[in-house]
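Enquirer: Just to be clear, the model below is a prediction. Sequence and coordinates:
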Amino acid sequence: MAAKDATLPQFEATALDLIPKVASAARGTFRTHKTKKVQWRIVQLRKLYWAIEDFRPRLIAALMHDLHKSEFEAVLTEIDWLLKDCMFMIKHLNDFAKDEKLGSPAVPITYSMMNFRTRKEPLGAVLIIGPYNYPLQLLLAPLIGAIGAGCTAVLKPSELTTACAMVVKEMIETRLDRSAFTVVNGAIPETNALLAEKWDKIFFTGSDVVGKIVAKKAAETLTPVCLELGGKNPAFVTKNANLALAARRLLWGKTHNSGQVCMSQNYVLIDKQVVPAFTEFLKVAYKDMFPDGAKASPDLGRIVNARHFHRIKKMLDDTKGKVVMGGEVDEAELYIEPTAVLVSSTDDSMIKEESFGPIFALYPVNSLDDALNVAASVHRTPLSLYTFGSKSENERVLNEMTSGGATLNDSFFHGSVNTVPFGGVGDSGWGSYRGKASFDCFTHFRTIAETPSWADKILRVRYMPYDMSKMRLLARLTTPKPNFDRSGSIVRGFSYWVKLIFGLGASSAKGALFRWLLLLAVNYLLKASRAAR
Ligand SMILES: NC(=O)c1ccc[n+]([C@@H]2O[C@H](COP(=O)([O-])OP(=O)(O)OC[C@H]3O[C@@H](n4cnc5c(N)ncnc54)[C@H](O)[C@@H]3O)[C@@H](O)[C@H]2O)c1
Ligand SMILES: CC1=C(/C=C/C(C)=C/C=C/C(C)=C/C=C/C=C(C)/C=C/C=C(C)/C=C/C=C(\C)C=O)C(C)(C)CCC1
C-alpha cells in the first residue's frame with residue numbers, strides 16, 4: 001500500500017480544440033451500440049476494478065499530495081469505496097438491466113394481453129463533472145453508474161486536485177475502452193467547452209453557484225442534469241441527547257477529510273441549558289482524537305488550497321462569536337484547527353456561509369420549536385440534517401424539516417454506505433445515485449407495449465365512427481367506481497358490505513383468498529380431529 005515510490009505527473013489541461021472531438025467520439029461510440037451489451041459493460045467494470053487496484057499506490061500518493069489525505073481515509077472513502085461500487089454493479093447488473101414486466105396494479109387486467117414491460121435503455125453519451133474534496137470517489141462512482149447503464153462518458157475532474165486529475169486520466173484512458181471513456185482536464189474554459197457540447201445527461205457535483213451555470217447551459221438543449229450540491233446542514237442537540245456521544249460524533253463529522261464534506265454539519269442548534277456541558281464534551285473528544293494536538297496528527301487532512309484556506313479563515317475572522325474549541329490556523333501548512341464557535345445570531349459569518357472545512361457554529365436555542373424555526377430560516381432544503389434527542393424529538397425534527405438525507409444520533413452515516421441512494425432536495429441537489437440508483441440515474445425507463453393482432457376484435461371500439469353505447473360498456477369494464485363521496489369520506493354502500501362479508505373483512509382480493517383458505521383449512525382440521533376422537 002506504500003505510496004512513497006509512486007511518481008505523480010504534472011497537471012496538464014486538455015487542449016481546447018480537442019474537446020469537441022472528444023465529445024463527438026463519445027457520441028459516435030454510443031451510436032455503434034456496443035455499450036448496450038451487458039457483457040461488454042461488465043468487462044469494463046471488471047477492468048475498472050483492476051485499474052483502481054493496480055493504481056492504488058499512485059492514487060494514495062495523489063490524495064496525499066492534493067489534500068494531505070491520510071492513507072486510512074484514502075482507502076476507506078475513495079479506493080475501497082470504489083472497489084465495492086464496482087463489485088456491487090458487476091454482481092447485480094444482469095438483474096438491473098433486464099426488461100421488467102409491468103403487471104397489476106400498473107396495468108389493468110383488461111390490458112394484460114399487451115405484454116407491457118419496461119426496457120432499461122442507456123441515456124447515451126454523458127458528461128461527469130467532479131469536485132475536489134473526494135476527487136476519486138465523487139468522479140468515479142457516477143462513472144460506475146454510467147458504465148452499468150450502458151452509456152459512454154467523458155469525465156472532468158476538479159482542477160484543484162491536480163495529481164488525482166492526472167492519475168485518473170492515465171488510469172481511465174489506458175485501462176478502459178478509450179473510444180467510450182475519456183478524461184478532459186482543465187478549469188473553467190475547458191468545462192465551458194464541454195458544456196457547449198450536446199450530452200444525453202450531465203452529472204455535476206460541486207457548488208450551487210456552478211450548479212446553476214451547469215443547469216442553465218443544460219436547459220438550452222433540454223439536457224437532463226443530476227446535481228449534487230452543497231448545503232448549510234444543521235444538527236439539533238436537545239437536552240435529552242447523550243451529550244458526550246453527540247459531541248464525539250459531530251466532531252468526527254468535522255475532522256474527517258478536514259470537514260471538506262458536503263454533508264457535514266455547518267451549525268449545531270443546541271438547547272441553551274446544555275451548552276456548557278456539550279462544550280466540555282467536545283474538548284474531551286478532541287483530546288481523545290488528537291492527544292498531541294490536531295496539527296501534529298498524521299490523520300487530519302489539510303485545506304485544498306490557499307483560496308479555500310482564506311475563505312474558511314475569513315469566516316473565523318468575521319465572526320462575532322466566541323471560539324470554544326480550537327481556533328488555530330497556519331497558512332504555510334494550509335492548516336485549520338477543528339474549531340467550534342459559539343454564536344448568537346444567524347447573521348453571523350459562521351452560519352451564513354457553508355463552512356466546507358473543519359469549523360462549525362454552536363447556536364443556543366430555547367426550545368425545539370425555536371431550533372426548527374432557525375433552521376428553516378437558514379436553509380429550508382439542506383443536503384443533510386442530524387438530530388440528537390429523545391425518540392419523539394428526533395421524529396419531530398424529521399417530520400418538520402426536510403433535507404436530502406438525515407442521520408439520527410450521529411453525523412453523516414446515511415451517506416457513509418456506498419449502496420444506499422444519496423442526493424439532495426430542492427436547491428441542495430436534483431436526483432440521486434449510489435447502488436441501484438446509480439444505474440437508474442443514467443437509464444431511460446422506456447415503457448413498451450405489444451398489441452397482439454388477434455386483439456383487434458376487442459380493441460375495435462376505439463376506431464371511428466365512434467359508438468357511445470360501446471363507450472359506456474368500455475367505461476363499465478375499465479373505469480373503477482369511487483368508494484368515497486365528495487367530502488372525501490368512505491361510502492359504505494351495498495358493494496362495501498358485500499365485499500366485507502364475502503371477503504371476510506380483507507381489504508384485497510389476495511387477502512380475501514388467504515382468509516378463505518385459512519377458514520377452510522381450520523374447518524378441515526377441526527373435522528379431522530372430531531373424526532379421530
Ligand atoms: N452533494 C454532493 O455530493 C457534493 C459533494 C462534494 C462537494 N459538494 C459541494 O461542492 C462544493 C465544493 O466543491 P468544489 O469547490 O470542487 O465545487 P465547484 O463548484 O467550485 O467545482 C466543481 C467543478 O466545477 C468546475 N467549475 C468551477 N467553476 C466553474 C465555472 N465557473 N464554470 C464551469 N465549471 C466550473 C470545476 O472545475 C469542478 O470540476 C461545496 O459547495 C460542496 O458542498 C457537493
Ligand atoms: C470490524 C468488525 C465488525 C464491524 C465493524 C464496523 C461496522 C465498523 C464500522 C466503521 C465505520 C462506521 C466506519 C466509518 C465509515 C465512514 C465512511 C465510509 C465515510 C464516508 C464518507 C463519504 C462517502 C463522503 C462523501 C462525501 C460527499 C458525498 C460530499 O462531500 C463487526 C462488528 C461486524 C464484526 C467484528 C469485526
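Expert: Structure's in. What do you need? Ligands and ions are numbered 1, 2, ... in the order given.
Enquirer: Tell me which stretches of the stretch 251-400 of the chain form strands.
Expert: In the stretch 251-400 of the chain, the strands defined using DSSP state E, counting those that start in this stretch lie at 267-271, 322-325, 329-330, 335-336, 339-342, 359-365, 384-388.
Enquirer: what angle do the last one and strand 267-271 make?
Expert: Strand 384-388 and strand 267-271 meet at an angle of 30 degrees, taking axes from the mean of the first three to the mean of the last three Cα atoms, to 10 degrees as the criterion.
Enquirer: Any figure for the gap between D95 and S507?
Expert: Going from D95 to S507 by Cβ to Cβ, to the nearest Å gives 31 Å. (C-beta placed from N, C-alpha, C; glycine too.)
Enquirer: again, but for S453
Expert: Using Cβ to Cβ, S453 is found at 39 Å from S507.
Enquirer: Tell me which of these two has more neighbours.
Expert: Taking other Cβ atoms under 10 Å, S453 and S507 do not tie; S507 has more neighbours (10 against 6).
Enquirer: From V425, how far off is the residue of the stretch 351-500 of the chain found nearest ligand 2?
Expert: The minimum distance from the stretch 351-500 of the chain to ligand 2, using Cβ to the nearest ligand atom, falls at S416 (3.7 Å). Look at S416 and V425: by Cβ to Cβ, they are 19 Å apart.
Enquirer: Let me see the contact set for the residue nearest to V341 when sequence neighbours are not counted.
Expert: Excluding its sequence neighbours, the residue lying closest to V341 (Cβ to Cβ, 6 or more residues apart in numbering) is G321, at 4.3 Å. Counting by Cβ atoms under 8 Å, 6 or more residues apart in numbering, G321 touches V341, L342, V343, S344, D348, M350, A361.
Enquirer: so where do the helices sit in the stretch 151-300 of the chain?
Expert: In the stretch 151-300 of the chain, the helices defined using DSSP state H, counting those that start in this stretch lie at 162-175, 188-195, 208-220, 243-255, 275-289.
Enquirer: what packs against the fourth one?
Expert: Put plainly, it is helix 243-255. Here helix 243-255 touches strand 234-237, helix 275-289, strand 359-365, strand 384-388, going by 3 or more Cβ pairs under 8 Å, 6 or more residues apart in numbering; DSSP states H and E.
Enquirer: quick one: buried residues of the third one?
Expert: Burial within strand 359-365, assessed by neighbour count using 16 or more other Cβ atoms under 10 Å, is assigned to I359, F360, A361, L362, Y363, P364, V365.
Enquirer: cool, the second one as well?
Expert: The neighbour-count criterion (16+ other Cβ under 10 Å) identifies V275, F278, T279, F281, L282, A285, Y286, M289 as the buried residues of helix 275-289.
Enquirer: and the closest residue to ligand 2 within the chain, how many neighbours does it have?
Expert: Nearest to ligand 2, among the residues of the chain, is C262, at 3.3 Å (Cβ to the nearest ligand atom). Look at C262: counted by other Cβ under 10 Å, it has 27 neighbours.
Enquirer: how much space between the closest residue to it other than its chain neighbours and M113?
Expert: With Cβ to Cβ, 6+ apart as the criterion, C262 has its nearest non-adjacent residue at 5.1 Å, and that residue is G230. Distance of G230 to M113, given as Cβ to Cβ: 51 Å.
Enquirer: and if you look at I458?
Expert: According to Cβ to Cβ, I458 stands 8 Å off from M113.
Enquirer: And the two? Which one has more around it.
Expert: More crowded of I458 and M113, by other Cβ under 10 Å: M113, with 14 against 11.
Enquirer: which residues does that one contact?
Expert: By Cβ under 8 Å, 6+ apart, the residues touching M113 are P452, A455.
Enquirer: Three-state assignment for it, please.
Expert: Using DSSP: H, G, I helix; E, B strand; the rest coil, the structure places M113 in helix.
Enquirer: need the helices of the stretch 151-300 of the chain in CSV with mean pLDDT and distance to ligand 1, can you?
Expert: Listed next are these as CSV, based on pLDDT from 0 to 100; distance: least, Cβ to the nearest ligand atom, whole Å:
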stretch, mean pLDDT, distance to ligand 1
helix 162-175, 98, 9
helix 188-195, 98, 3
helix 208-220, 98, 3
helix 243-255, 98, 13
helix 275-289, 98, 23
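Enquirer: Nearest to S392, out of those?
Expert: helix 243-255 (17.0 Å; Cβ to Cβ).
Enquirer: how about the closest one against ligand 2, any contact?
Expert: No: shown here: helix 243-255 not in contact with ligand 2 (Cβ under 6 Å from any ligand atom), separated by at least 8.5 Å.
Enquirer: Okay, buried residues for that helix please.
Expert: Within helix 243-255, the residues that count as buried by 16+ other Cβ under 10 Å are L243, A246, A247, R248, R249, L250, L251, G253, K254, T255.
Enquirer: I'd guessed the second one sits against N394; true?
Expert: When you say that, I think you mean A246. No: the pair A246 / N394 is not scored as a contact, 11.7 Å apart, by Cβ atoms under 8 Å.
Enquirer: Return every residue with contacts to both of the two.
Expert: With Cβ under 8 Å, 6+ apart as the test, A246 and N394 both reach F388, N409.
Enquirer: what stretches of the stretch 401-533 of the chain score poorly on pLDDT?
Expert: Regions of the stretch 401-533 of the chain meeting the criterion pLDDT under 70 are absent.
Enquirer: Spell out which residues of it are next to ligand 2.
Expert: Within reach of ligand 2 by Cβ under 6 Å from any ligand atom, the stretch 401-533 of the chain has these residues: G415, S416.
Enquirer: ranges for the strands of the stretch 401-533 of the chain?
Expert: If DSSP E, counting those that start in this stretch is used as the criterion, the strands of the stretch 401-533 of the chain fall at 405-408, 422-423, 429-430, 432-433, 443-448.
Enquirer: Burial check on K36, number of neighbours?
Expert: Neighbours around K36, by other Cβ under 10 Å: 14.
Enquirer: wait, it sits on P122?
Expert: Yes: with contacts counted by Cβ under 8 Å, K36 reaches P122, the gap being 6.4 Å.
Enquirer: Quickly list what's touching both of the two.
Expert: Residues touching both K36 and P122 comprise G150, with contact defined as Cβ under 8 Å, 6+ apart.
Enquirer: And the buried residues of helix 275-289, which is closest to A193?
Expert: The shortest approach to A193 among those belongs to M289, at 43.9 Å (Cβ to Cβ).
Enquirer: looking at it, T419 is touching Y433, isn't it?
Expert: No: with contact defined as Cβ under 8 Å, T419 and Y433 do not form a contacting pair (10.8 Å).
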